[in-house]
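Engineer: Okay, predicted coordinates and the sequence, questions at the end:
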Amino acid sequence: HSNRVMWFQDLFPPNVCPINAKANTFYGIMFDAGSTGTRIHIYTFVQKSPENLPELEGEIFESVKPGLSAYADQPEKGAETVKRLLDMAIDAVPPHLWKKTPVVLKATAGLRLLSEEKAQALLLEVKEVFEESPFLVPENSVSIMDGSYEGILAWITVNFLTGQLSGQNQHTVGTLDLGGASTQITFLPRFEETLKESPGDFLTSFEMFNSTYKLYTHSYLGFGLKAARLATLGALNMEAADGQMFRSSCLPKQLEAEWHFGGVKYRYGGNKEGETGFKPCYLEVLKVVKGKLHQPDEIRGSSFYAFSYYYDRAVDTNLIDYEQGGVLEVRDFERKAKEVCDNMERYNSASPFLCMDLTYITALLKEGFGFRDNTLLQSRPRSFIFPCAADTHKGRVDAIHKTFLIHKNFKGKYQQEKKNKKKQPLQG
Ligand SMILES: Nc1ncnc2c1ncn2[C@@H]1O[C@H](COP(=O)(O)OP(=O)(O)O)[C@@H](O)[C@H]1O
Ligand SMILES: [Ca+2]
């Protein structure tokens, strides 16, 4: 037990992030059930005085791979991974507060891609795990998060925690989140044009700190990095992919391997006899993105905050620093993609998908969203925004944080614009 206390103090040195378990301390447990992994966030809040909002004081984080959707056919086993993470919270939260500590799980694109039946079976098993725990289980505590909510939360996190939402001069920054199965784009439109030209369900209003924000946000299901790999291979939505070999010019020529995603096994490999390299790869990837995404004119001239797999791949290829993050341009991804794809033998210690991933990111940004070559992307590790977050998960901007952090203001109050406009044939 005392070990646990020590470890906790290591994580949050008292001078930087003071932890003092007074009567006004309370906790919240949030699970982020992503397509590639399940993460637990155990937050500590302190209410300094009754009239103030509770302040976030500390966080414990842990994660497991694969994500829940990998257990599509074994829901009990999936829930077991959640239970093991929840056991950490038993150690971290003082027993007398267990009954008052809410526990919530929000699933994202991995579960959205499953059939309703399989997704519900997983959520039901998780709910049982929660109910058998000593924690408070609010109504609707286990659910699939709406895609626009996911985008808004990321936007709020970045802008709220960088101080853009308080004070007068609000220079908010747009956010780009590239997950495993879906990708989100969110920004605050400055031009009337953007509001007029956007499909109705891309605009969402919400109130926070006595201001109303009307955001442009959309989640593209199937456009996350891992889903895009399958789409490029022509294997997306193939339930019975058994035995079939999927080949691509984005993979090392001699490669033949297996890959599991969403509970399905895929065999994939390089173009043994055919072409390999950036040019043919770009054409392959282009088929996945071209004409499939809405391109708001306004974003061409603005800079964005890019995280998740944008950050990961930028770090992997030394475009930015792991600790500090950095600023890069869209064309930097293209330069790296060329370098890697045209020299695949030299990169064979890295992931066999590195060429495909970088090429997809390039095509998604340029041909998908319509960004210019010189569009600036800020990519910062999580620790940059959350100085109190654990070392173990640098590089993550938390899309979930605020559910607790600002729940008093936000209360999930948001609504989609209803416009009498014909829905454009976009995927999402
Ligand atoms: N709390 C977090 N904040 C930001 N990015 C995260 C967080 N947790 C994981 N990631 C990143 O998200 C990507 C994985 O996406 P994931 O959430 O599993 O898929 P999806 O959002 O499509 O369900 C990885 O790049 C991972 O580093
Ligand atoms: Ca995610």
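Structural biologist: Received, thanks. Ligands and ions are numbered 1, 2, ... in the order given.
Engineer: secondary structure element for the closest residue to residue 373 other than its chain neighbours?
Structural biologist: Leaving aside its sequence neighbours, residue 373 sits nearest to residue 331 (Cβ to Cβ, 6 or more residues apart in numbering; 4.2 Å). All C-beta spots, glycine's among them, are computed from the backbone N, C-alpha and C. Per DSSP states H and E: residue 331 is located in helix 330-341.
Engineer: Quick one, grab the pLDDT at the residue nearest to residue 373.
Structural biologist: Here the pLDDT value assigned to residue 331 is 97.
Engineer: Surely it and residue 376 touch.
Structural biologist: No - contact status for residue 331 versus residue 376: not in contact, 10.8 Å apart, counting by Cβ atoms under 8 Å.
Engineer: how near is the residue nearest to residue 373 to residue 124?
Structural biologist: In this view, residue 331 and residue 124 are 47 Å apart by Cβ to Cβ, to the nearest Å.
Engineer: who's more crowded, those two?
Structural biologist: residue 331 (16 against 12; other Cβ atoms under 10 Å).
Engineer: any idea how far the residue nearest to residue 373 is from residue 147?
Structural biologist: From residue 331 to residue 147 the distance is 29 Å (Cβ to Cβ).
Engineer: how long is stretch 95-108 end to end?
Structural biologist: 31 Å (Cα to Cα, to the nearest Å).
Engineer: residues making contact with that stretch?
Structural biologist: Applying Cβ atoms under 8 Å, 6 or more residues apart in numbering, the external contacts of stretch 95-108 come out as 25-35, 68, 82, 86, 89-90, 93, 119, 122-123, 126, 130, 133-138, 141-145, 150, 179, 181-182, 400, 403.
Engineer: Buried ones in that stretch, by neighbour count?
Structural biologist: 98, 101-108 (16 or more other Cβ atoms under 10 Å).
Engineer: For residue 253, give me its contacts.
Structural biologist: 270-272, 276, 344.
Engineer: mind listing what the residue positioned nearest the centre of the chain touches?
Structural biologist: Nearest to the mean C-alpha position of the chain, counting by Cα atoms, centre = their mean, stands residue 179 at 4.6 Å. Contact analysis of residue 179 by Cβ under 8 Å, 6+ apart lists 34-36, 108-109, 224-225, 308-309.
Engineer: What residues sit buried inside stretch 123-139?
Structural biologist: Buried residues in stretch 123-139 (16+ other Cβ under 10 Å): 123, 125-127, 129-130, 133, 135-137.
Engineer: just stretch 210-224 next, same as before
Structural biologist: For stretch 210-224, burial by neighbour count (16+ other Cβ under 10 Å) applies to 213, 215-224.
Engineer: any idea which of those residues is closest to ligand 1?
Structural biologist: Nearest to ligand 1 out of those is residue 224 (Cβ to the nearest ligand atom; 4.1 Å).
Engineer: What distance do you get for residue 329 to ligand 2?
Structural biologist: Per Cβ to the ion, to the nearest Å, residue 329 is found 24 Å from ligand 2.
Engineer: Same question for residue 221.
Structural biologist: Relative to ligand 2, and taking Cβ to the ion, residue 221 is found at 12 Å.
Engineer: Excluding covalently adjacent residues, which one is nearest to that residue?
Structural biologist: residue 182 (4.8 Å).
Engineer: With residue 375 instead?
Structural biologist: With Cβ to Cβ, 6+ apart, the residue lying closest to residue 375 is residue 330, at 4.8 Å.
Engineer: pretty sure the one you found contacts residue 374?
Structural biologist: Yes - counting by Cβ under 8 Å, residue 330 touches residue 374, with 7.1 Å between them.
Engineer: When the two are compared, which one has more neighbours?
Structural biologist: residue 330 (21 against 10).
Engineer: just to confirm, which helix or strand has residue 43 in it?
Structural biologist: According to DSSP H and E, residue 43 maps onto strand 38-46.
Engineer: close to ligand 1, is that strand?
Structural biologist: Yes - Strand 38-46 is in contact with ligand 1 by Cβ under 6 Å from any ligand atom, via residue 39.
Engineer: Neighbouring strands - and their directions - for that strand?
Structural biologist: strand 25-33 (antiparallel), strand 55-64 (antiparallel) (DSSP bridges).
Engineer: picking up where we left off before, and the residue nearest to residue 221, how many neighbours?
Structural biologist: Residues near residue 182, counting by other Cβ under 10 Å: 27.
Engineer: Please verify my assumption that it contacts residue 222.
Structural biologist: Yes - the pair residue 182 and residue 222 qualifies as a contact (Cβ under 8 Å) at a distance of 7.0 Å.
Engineer: List the buried residues for the helix holding residue 331?
Structural biologist: In helix 330-341, counting by 16+ other Cβ under 10 Å, buried: 330-334, 336-338, 340-341.
Engineer: want to try JSON lines for those residues, with distance to residue 256 as columns?
Structural biologist: Supplementary listing: the buried residues of helix 330-341 in JSON lines, determined by distance: Cβ to Cβ, whole Å:
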{"residue": "330", "distance to residue 256": "33"}
{"residue": "331", "distance to residue 256": "33"}
{"residue": "332", "distance to residue 256": "31"}
{"residue": "333", "distance to residue 256": "27"}
{"residue": "334", "distance to residue 256": "28"}
{"residue": "336", "distance to residue 256": "25"}
{"residue": "337", "distance to residue 256": "23"}
{"residue": "338", "distance to residue 256": "25"}
{"residue": "340", "distance to residue 256": "20"}
{"residue": "341", "distance to residue 256": "19"}
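Engineer: Return the closest of those with respect to ligand 2.
Structural biologist: Nearest to ligand 2 among the buried residues of helix 330-341 is residue 333, at 19.8 Å by Cβ to the ion.
Engineer: who touches residue 212 in this structure?
Structural biologist: For residue 212, the contacting residues are 205-206, by Cβ under 8 Å, 6+ apart.
Engineer: rerun that using 7 Å as the cut-off
Structural biologist: residue 205 (Cβ atoms under 7 Å, 6 or more residues apart in numbering).
Engineer: secondary structure class for it?
Structural biologist: The three-state label given to residue 212 by DSSP: H, G, I helix; E, B strand; the rest coil is strand.
Engineer: In the sheet, which residues pair with it? Tell me.
Structural biologist: Applying DSSP bridges, one finds that residue 212 bridges with residue 207.
Engineer: separation between it and residue 294?
Structural biologist: Taken as Cβ to Cβ, the span from residue 212 to residue 294 is 23 Å.
Engineer: swap in residue 300?
Structural biologist: Residue 300 sits 13 Å away from residue 294, going by Cβ to Cβ.
Engineer: Thank you kindly, that will do.
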